[in-house]
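Asks: The amino acid sequence is not available; the structure is as follows:
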C-alpha cells in the first residue's frame, strides 16, 4: 500500500474542505450531485471518445497502482541475477530453463529462456529491449488517459457553469429557483478544477513515474542477463549493476 498517495489525497481534498469550514462555510454548500454528474460524466465521455478501447481498459487496470504499486525489488533482483550466474557457471546455461519455469514475471521468464536456448547476448539484448520499449510505450499511453481527463475536466466544469447560469437567466421571475442554478454554476467550476489538479493529473504523473521505475529495474535485469549469458564473474556483474541500486 502506497501511504504517500493516500496521505496526499487526504491533505489535498482535506485542505479545501477545512478552508471552506474555517471561512464560515458549510460542507453542504459545495456538494451538488448535478454539478458532479456534469463534470465526471462529461470528462469520462470525452476521454472515452478519444481513447482506443484497449488503452482505456489498460488505464483502468493501472489505476490500482496509485495505491498498490507493483513491486520493484531492485536488491532482490540483483541477488537473483547473481544466483542465476552461479547456476549457469556451475551447471550450464541450459539449467536456467528450470529456473525460468519458477519465475512469475513473464519478462524475466523470457530472458532466462533465451539464455537457456543458447541465444547470443546481442539477440537477448535486442529482444528484451524491444519488449521493454513496446511495454513502456503502451503503458505511457494508458497513463496519458488521466492527463487527458485533467485537461477536459476544467473545461467541462465551465460548461456546467454556463448551464447553471442559463438556468438562472431562464427563471429570473422565480426567485426560489435561482439558488440551485447559481450553485450548479459555481460548484461545477470548482469540481472541474479540483478534480483535474487534485486527482486526474497527479494520478497520470504517478503512473508515469511508476512506469519509469519499472523500466529502470528491467534495464538492470537486461544488463544482468547479458552478464549471465556472457559467463561474467559474479563480482563483476554485481559491481556493474550496483549503480542501478544507488
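Replies: Thanks, I have the structure now. The structure presented is a predicted model; accordingly, all values stated were derived computationally and were not measured.

Asks: care to break this protein down by domain?
Replies: With domains defined by automatic domain parsing, the chain comprises 1-31, 32-245.

Asks: For the ones you listed, give me CSV that also has mean neighbour count and mean pLDDT.
Replies: No exception for glycine: its C-beta is placed from N, CA and C like everyone else's. Shown next, in CSV, are the domains of the chain (neighbours: other Cβ atoms under 10 Å; pLDDT from 0 to 100):
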stretch, mean neighbour count, mean pLDDT
domain 1-31, 11, 84
domain 32-245, 17, 90
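
Asks: Now do the helices in the protein.
Replies: Remark: helices assigned in the chain by DSSP state H are 3-22, 33-50, 53-62, 74-91, 96-102, 106-116, 121-169, 178-195, 201-230, 234-245.

Asks: Need phi/psi at residue 68.
Replies: Main-chain dihedrals, residue 68, degrees, to the nearest 10: phi -130, psi 80.

Asks: Chain neighbours aside, what residue packs nearest to it?
Replies: Nearest non-adjacent residue to residue 68, counting by Cβ to Cβ, 6 or more residues apart in numbering: residue 1, 6.1 Å away.

Asks: pretty sure the one you found contacts residue 66?
Replies: No. With contacts counted by Cβ atoms under 8 Å, residue 1 stays clear of residue 66, the gap being 10.7 Å.

Asks: Let me see the contact set for the residue nearest to residue 88 when sequence neighbours are not counted.
Replies: Closest residue to residue 88 apart from its sequence neighbours, by Cβ to Cβ, 6+ apart: residue 228 at 5.4 Å. Taking Cβ atoms under 8 Å, 6 or more residues apart in numbering, we find residue 228 in contact with 81, 84, 85, 88, 93, 96, 115, 237.

Asks: Now do the phi/psi pair for residue 67.
Replies: phi -110, psi -30.

Asks: does it really touch residue 1, like I thought?
Replies: Yes. In this structure, residue 67 is within contact of residue 1 by Cβ under 8 Å, at 6.3 Å.

Asks: Now residue 184: closest residue in space, sequence neighbours ignored.
Replies: Closest residue to residue 184 apart from its sequence neighbours, by Cβ to Cβ, 6+ apart: residue 164 at 3.6 Å.

Asks: For residue 235, see how far away residue 242 is.
Replies: Distance of residue 242 to residue 235, given as Cβ to Cβ, to the nearest Å: 11 Å.

Asks: quick one on the thing from earlier: for the contacts of residue 228, which one is nearest residue 9?
Replies: Nearest to residue 9, judged by Cβ to Cβ, of the contacts of residue 228 is residue 81 at 36.4 Å.

Asks: and the nearest residue to the closest one once chain neighbours are set aside, what does it touch?
Replies: Once flanking residues are discounted, residue 81 sits nearest to residue 224: 3.5 Å by Cβ to Cβ, 6+ apart. Residues near residue 224 by Cβ under 8 Å, 6+ apart: 77, 78, 81, 84, 85, 237, 241.

Asks: Might one say that the fifth one is in contact with residue 229?
Replies: So that's residue 85. No. Counting by Cβ under 8 Å, residue 85 stays clear of residue 229, with 9.6 Å between them.

Asks: how about the residue lying closest to residue 204 once chain neighbours are set aside, what does it touch?
Replies: In space, residue 204 comes closest to residue 146 once its chain neighbours are excluded; the distance is 3.5 Å by Cβ to Cβ, 6+ apart. Contacts for residue 146 were tallied using Cβ under 8 Å, 6+ apart; they are 59, 200, 201, 203, 204, 207.

Asks: and if you look at residue 39?
Replies: Going by Cβ under 8 Å, 6+ apart, residue 39 touches 153, 156, 157, 160, 188, 191, 192, 195.
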